[in-house]
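Trainee: one predicted model, sequence on top.
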Amino acid sequence: MRDIAVFSGSAHPTLAAEICAHLETSLNPVRTIRFANDCLEVQLQANCRERDVFLVQPLVAPVQEHLVELLLMCDAARGASAARITAVVPHYSYARSDKKDAPRISIGGRLVADLMVAAGADRVLAMTLHSPQVHGFFSVPVDHLNALRELAKHFRDYDLTNTTVVSPDLGNAKEAAAFARLLGVPVAAGAKQRFAGDTVAISSVIGDVKGRDVIVLDDEIAKGSTVMELLERLRDLGARSVRVACTHGLFASGALKRLSDQPDVEEIVCTNTVPIPATEESDKLTVLSIAPALAEAMRRIHNGESVSALFEGL
């Protein structure tokens, strides 16, 4: 890995350091300065010339701040004659802005993708994009990973003889079905309708959950509105127990506490694609590391090996 150079923005340096530990390479320093007019300046403090540069930066709150920092890092690496620049974005938050569902709005997922490419990104490495079509918003190659194997490895430690995986909506049903296959259990899905703001309604659950141990699988949990609504339906249908799993544990506005306070929720599992807010704590929370998966993908990208091989069997 002599010709690799890994840098981290300020969004999640702990994850970047863990990735570098798996790659057995150093995490290079980045200096960020804020001027009196509130503009940022970013300096990559290691040689980039003709090197394979990886910039690790999930787009987490404050999203706009971290986005601009990533764009500046891309531009700095390009100006320093990097051979190739890969933006490692474990959480691409603008993936939720994937369609024009109201008049005169921007499709933010596509716009931000264009900005990253314009800034100098030659490649993108992402984890569990909110919508599959977001992959196509980029005009450069995208390696789109998921955390299904890491989540499945965790849940295999339980007795799964009476378990059903439940997707909160039909949009996530494909991922839930793949997860259920890894565990060897049946799958069900909620029929969800979203209204203004964060209001959601789940009218029914398609599949058998009565008397069963349920694993709710979603791509991310922000305010937790969808999961809370699904819990109501699962109670109505007589589910025996509930465990909640997601890739991106954003847990905004006290979501972790609200979920933890539900007596029938036995565990909440997420990965470390985003840093868990310091104010959010729960004995029910389990955080799994996706650093090994990201590191292996980065190693394969650097060596010109297949990344798709990581998904065999899914």
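Mentor: Received it, and whenever you're ready, just let me know what you need.

Trainee: can you give me the strands for the stretch 201-314 of the chain?
Mentor: 213-221, 241-249, 265-271, 285-288 (DSSP state E, counting those that start in this stretch).

Trainee: what is the mean pLDDT for the third one?
Mentor: Same thing as strand 265-271. Average pLDDT, strand 265-271: 97.

Trainee: what sits opposite Ser204 in the beta ladder?
Mentor: Beta-bridge partners recorded for Ser204 (DSSP bridges): Ala191.

Trainee: tell me what the residue lying closest to Gly249 once chain neighbours are set aside is bridged to.
Mentor: Closest residue to Gly249 in three dimensions, ignoring its sequence neighbours and counting by C-beta to C-beta, 6 or more residues apart in numbering: Cys270, at 3.0 Å. C-beta: built from backbone N, CA, C; applies to glycine. For Cys270, the beta-bridge partners are Val287 (DSSP bridges).

Trainee: quick check: Cys270 touching Ala245?
Mentor: Yes: under the criterion of C-beta atoms under 8 Å, Cys270 is in contact with Ala245, at a separation of 7.3 Å.

Trainee: grab the longest helix from the chain for me.
Mentor: helix 63-79 (DSSP state H).

Trainee: and the angle from the helix or strand just after it to helix 63-79?
Mentor: Next helix or strand after helix 63-79 toward the C-terminus (DSSP states H and E): strand 84-89. What separates the directions of strand 84-89 and helix 63-79 is an angle of 170 degrees, with axes from the mean of the first three to the mean of the last three C-alpha atoms, to 10 degrees.

Trainee: who touches Leu294 in this structure?
Mentor: For Leu294, the contacting residues are Leu15, Ile19, Val88, Pro90, Leu125, Met127, Leu145, by C-beta atoms under 8 Å, 6 or more residues apart in numbering.

Trainee: now, the most widely separated pair of these?
Mentor: Using C-beta to C-beta, the pair of the contacts of Leu294 lying farthest apart is Leu15 and Leu145, separated by 13.5 Å.

Trainee: ok, Thr271 to Ala293 distance?
Mentor: Noted for Thr271: a distance of 9 Å to Ala293, by C-beta to C-beta, to the nearest Å.

Trainee: can you pull the residues that touch both of these two?
Mentor: Contact criterion C-beta under 8 Å, 6+ apart; residues bridging Thr271 and Ala293 by contacting each: Met127, Ala147, Glu150.

Trainee: counting only strands, which of those make the cut?
Mentor: Members of those lying in strands (criterion: DSSP state E): Met127.

Trainee: picking that back up, quick one: residues in contact with the longest helix of the chain.
Mentor: Under the criterion C-beta under 8 Å, 6+ apart, residues 7, 9-11, 30, 32, 40-44, 48, 53, 55, 57-60, 85, 87, 89, 93-94, 112, 115-116, 119-121 lie in contact with helix 63-79.

Trainee: and those, which are buried?
Mentor: Among those, those classed as buried by 16 or more other C-beta atoms under 10 Å are 7, 9, 11, 30, 42, 44, 48, 53, 55, 57-60, 85, 87, 89, 93-94, 112, 115-116, 119-121.

Trainee: and the gap between the residue nearest to Gly249 and Ile206?
Mentor: 25 Å.

Trainee: of the two, who's got more company?
Mentor: Neighbours were counted for Cys270 and for Ile206 using other C-beta atoms under 10 Å; Cys270 has more, 26 against 14.

Trainee: which residues are in contact with the more buried one?
Mentor: If you count contacts by C-beta under 8 Å, 6+ apart, Cys270 has them with Ile221, Ala245, Cys246, Thr247, His248, Gly249, Ile276, Leu285, Thr286, Val287, Leu288.

Trainee: quick check, pLDDT for the last one.
Mentor: Right, the one you point to is Leu288. As predicted, Leu288 sits at a pLDDT of 97.

Trainee: show me the contacts for it.
Mentor: For Leu288, the residues meeting the contact criterion (C-beta under 8 Å, 6+ apart) are Ala147, Glu150, Leu151, His154, Val269, Cys270, Thr271, Asn272.

Trainee: of the residues you listed, closest to Phe138?
Mentor: The shortest separation between Phe138 and any of the contacts of Leu288 is 20.4 Å, and it belongs to Ala147 (by C-beta to C-beta).

Trainee: the closest one contacts Thr128, doesn't it?
Mentor: Yes: look at Ala147 against Thr128 with C-beta under 8 Å: they come within range, at 6.1 Å.

Trainee: for the stretch 51-200 of the chain, which spans come out with low pLDDT?
Mentor: Confidence mapping of the stretch 51-200 of the chain against pLDDT under 70 gives the ranges 195-198.

Trainee: got the domain ranges for this protein?
Mentor: Following automatic domain parsing, the chain resolves into domains at 4-146+292-311, 148-288.
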